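A.B. asks: structure for the following, please:
(one chain, ligands or ions: 1)
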Amino acid sequence: MAKHVVIVGGGVAGTIIANLLARGLKEELSKAEVVITMVSKDDKHVYQPGFLYVLFDKMRPDELMRDQRSLLAPSIIFHHDTVVGIDPKACEVHTEKGKKLKYDYLVIATGSRPMPELIPGLKEHGNMFYTLESAIELREKLRKFEKGRIAIAMGVPHKCPVAPFEVTFMLDDYFNKKGIRDKVEIYYTYPIGRIHTLEPVAQWGVPEFERRGIKYETLFNMEKVEAHNGTIAVHSAEGSTVECDLLITIPPHRGAQAIIDSGISNDGWVPTNRYSLKYEGYENVYVAGDTTNLPISKAGSTAHFESDVVADNLIAEIKEGHPARDYDGKVMCFIETGFDKGTYIHFNYTTPPSPMPPSKMIHWLKLGYNRMYWLTARGVL
Ligand SMILES: Cc1cc2nc3c(=O)[nH]c(=O)nc-3n(C[C@H](O)[C@H](O)[C@H](O)COP(=O)(O)OP(=O)(O)OC[C@H]3O[C@@H](n4cnc5c(N)ncnc54)[C@H](O)[C@@H]3O)c2cc1C
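C.D. replies: From the prediction side, this is the model:
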């Protein structure tokens, strides 16, 4: 009997895992001893970090998209379908189109969703850039913005913890280059008692903000957003109100609805063992990417490093009967700092990050990676 691996989600994690498995299990696939099936609700694969560049007219939307099928090794079966239920006891996945897929091994890689609707008024009066459509809409508003205050506010949790810094620095750069920085006030808010969740990054950021005239307020958790006569008022749970002409927001995120509907958790995050990356209590279910409940960054790099471990372990389990190695919490993020410079951080469960001074080289490396991402998705890089 062939071993059936089902992968739910064709984003960063799902695609890398599928392609690494196709390579590592080439022989088993050719002898029909293994079948790999991916189910994904999107038939287009979108490079999400590119939204930030679309916002500032540095990339075109069509550069960020590929057909999902074209990224997958030919030996992988691809279903463009939405999973509506996962039954880990029966080892079954149920889809919107009525398929019931039995599995020996399951990979859950359903990512995360920005949910502005969780905060009253945020969807109506805030602008996000976490989907392609919202990034294009905000790009149009930025093109027309000539003077006034832009506030930046975020909900928790959200993917890409460095995006709040990047959008702030890139706004500073954008309005400087337009020659109107003195007419645009940038007001940054952050939900905890410092300007970034990672302490060394927050320490590095404060003098950068001050040098660039970026004002900030910490302990600001959005509770409600209102608008009167073109002025937007963002009220925080801590009792403060920030008024602005444009609100740029990263809304709070939740995991996939299918995870909630399957009774796996109330918020869509899958209880995951931090080392084995297995769904707690289920030896044949792996979890990778944003959908884990691990207290680490929800980032493409996290998804990538986790995928390497999940693929290695699945290959080892199928070939040798036991997993090969643990995940060490490795994350690596580039941070665009504007003015053609960037820095990066890397860390894991035991070693904290330590940002380097921004340099042109890191900025160009990030731009290069934006083009090379498709090799990562194919499991080559
Ligand atoms: C503006 C922005 C900038 C970013 N910048 C960076 C960066 O610089 N560096 C970095 O490391 N990360 C960055 N990220 C974060 C990164 O894109 C995500 O963390 C990464 O995509 C997570 O990978 P994933 O595979 O978990 O989820 P995703 O890539 O989001 O994929 C989830 C997949 O699951 C599918 N799916 C969901 N529900 C179902 C269902 N019910 N049935 C079937 N399929 C389903 C979706 O269609 C999708 O294919 C950024 C994100 C944004 C929005």
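
A.B. asks: would you confirm that G193 contacts Y216?
C.D. replies: No. The pair formed by G193 and Y216 falls short of the contact definition of CB atoms under 8 Å, at 11.9 Å. Yep, even glycine has a C-beta here, placed from its N, CA and C like the rest.

A.B. asks: so those two - more neighbours on which side?
C.D. replies: Y216 (18 against 8; other CB atoms under 10 Å).

A.B. asks: what residues are up against that one?
C.D. replies: Counting by CB atoms under 8 Å, 6 or more residues apart in numbering, Y216 makes contact with 187-190, 195, 209.

A.B. asks: so which of those residues comes closest to I318?
C.D. replies: Nearest to I318 among the contacts of Y216 is Y190, at 44.5 Å by CB to CB.

A.B. asks: find the nearest non-adjacent residue to that closest one, please.
C.D. replies: Spatial nearest neighbour of Y190, chain neighbours left out: T218 (5.2 Å); criterion: CB to CB, 6 or more residues apart in numbering.

A.B. asks: how many other residues sit next to K360?
C.D. replies: Counted with other CB under 10 Å, K360 comes out at 11.

A.B. asks: residues of this structure that sit close to the ligand?
C.D. replies: Taking CB under 6 Å from any ligand atom as the contact definition, the chain meets the ligand at 8-14, 39-42, 48-49, 51-52, 82-83, 109-111, 129-130, 159-160, 163, 256, 258, 289-291, 298-301, 303, 333-334.

A.B. asks: and D173, what helix or strand is that in?
C.D. replies: Assessed by DSSP states H and E, D173 sits inside helix 163-177.

A.B. asks: elements contacting that helix?
C.D. replies: helix 51-55, strand 148-154, strand 184-189, helix 199-211, strand 246-250, strand 331-338 (3 or more CB pairs under 8 Å, 6 or more residues apart in numbering; DSSP states H and E).

A.B. asks: run through who's touching the longest one.
C.D. replies: If you take CB under 8 Å, 6+ apart as the criterion, helix 199-211 is touched by 162, 165, 168-169, 188, 194-196, 215-216, 335, 337, 345, 352-355.

A.B. asks: and the longest helix out of those in the chain, which residues are buried?
C.D. replies: Across the chain, the longest stretch assigned as helix under DSSP state H is helix 300-320. For helix 300-320, the neighbour count (16 or more other CB atoms under 10 Å) marks 300-315, 317-318 as buried.

A.B. asks: how deep is N266 tucked in, by neighbour count?
C.D. replies: Using other CB under 10 Å, N266 is surrounded by 10 other residues.

A.B. asks: roughly how far does the residue nearest to Y190 sit from the ligand?
C.D. replies: In this view, T218 and the ligand are 22 Å apart by CB to the nearest ligand atom, to the nearest Å.

A.B. asks: residues touching the residue in the chain positioned nearest to the ligand, list them.
C.D. replies: For the chain and the ligand, the shortest gap (CB to the nearest ligand atom) falls at G11, measuring 1.7 Å. With contact set as CB under 8 Å, 6+ apart, G11 has these partners: 40, 45, 109, 111, 289, 303.

A.B. asks: mind checking which of the residues you listed are in helices?
C.D. replies: A303.

A.B. asks: state the mean pLDDT of the host helix or strand of W374.
C.D. replies: Here W374 is covered by helix 360-377, with elements defined by DSSP H and E. For helix 360-377, mean pLDDT is 96.
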